[in-house]
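Trainee: please find the sequence and the predicted model below.
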Amino acid sequence: QVQLVESGGGLVQAGASLRLSCAVSGRTFTDFAMGWFRQAPGKEREFVAAISWTGGARYYADSVKGRFTISRDNAKNTVYLQMNSLKPEDTAVYYCAAQGDRLGIWYRKPFSYWGQGTQVTVSS
């Protein structure tokens, strides 16, 4: 069974940085592309960033482009989200997800497996 466990969330002030981690177990990590999503109170879950199986391709939501960086360490079965210049509007529960479907625009397709989420709160 595939398990995804996020960590690294917290309460920070605007302008600060955080790095989220997501450890994957239960399957070969390189079977999956990985993504980060977030859900703010009262809003739908939204795409944040995604990284391909080898890390050669990365995609970002416009709202985080230039501030967030997704990366993966295939030796550690872990995906990261480095978040810089945080804003109050970045406050949300952040989820990592695994995508096994390699066909087409994979990062826009439903992801297969999800973590439990980690809270990020940015105060003004």
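Mentor: Everything's here; your move. Residues are numbered from 1 along each chain as shown.
Trainee: strands of the chain, residue ranges please.
Mentor: Counting by DSSP state E, the chain has strands at residues 3-7, 10-13, 18-25, 33-39, 46-51, 58-60, 68-73, 78-83, 92-99, 113-114, 118-123.
Trainee: out of the ones you listed, which comes closest to Y107?
Mentor: Y107 lies closest to strand 46-51 among the strands of the chain, at 3.9 Å (CB to CB). Just so you know, the C-beta spots here come from the backbone N, C-alpha and C atoms, and that holds for glycine as well.
Trainee: who's in contact with the closest one?
Mentor: For strand 46-51, the surrounding residues in contact (CB atoms under 8 Å, 6 or more residues apart in numbering) are 33-39, 57-61, 64, 68-72, 79, 81, 94, 99, 106-108.
Trainee: list the strands paired with that strand, with their directions.
Mentor: Looking at strand 46-51 with DSSP bridges, its partner strands are strand 33-39 (antiparallel), strand 58-60 (antiparallel).
Trainee: can you redo the ones you listed as JSON lines with mean neighbour count?
Mentor: As requested, the strands paired with strand 46-51 are exported to JSON lines (neighbours: other CB atoms under 10 Å):
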{"stretch": "strand 33-39", "mean neighbour count": "23"}
{"stretch": "strand 58-60", "mean neighbour count": "17"}
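Trainee: export these as JSON lines, with columns for mean pLDDT.
Mentor: Below are the strands paired with strand 46-51 laid out as JSON lines (pLDDT from 0 to 100):
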{"stretch": "strand 33-39", "mean pLDDT": "98"}
{"stretch": "strand 58-60", "mean pLDDT": "97"}
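Trainee: nearest approach to S85 belongs to which of the ones you listed?
Mentor: Of the strands paired with strand 46-51, the one closest to S85 (CB to CB) turns out to be strand 58-60, at 13.7 Å.
Trainee: in this structure, which residue is closest to the centre?
Mentor: Taking CA atoms, centre = their mean, the centroid of the chain lies closest to W36, which sits 2.1 Å from it.
Trainee: appreciated, that's everything.
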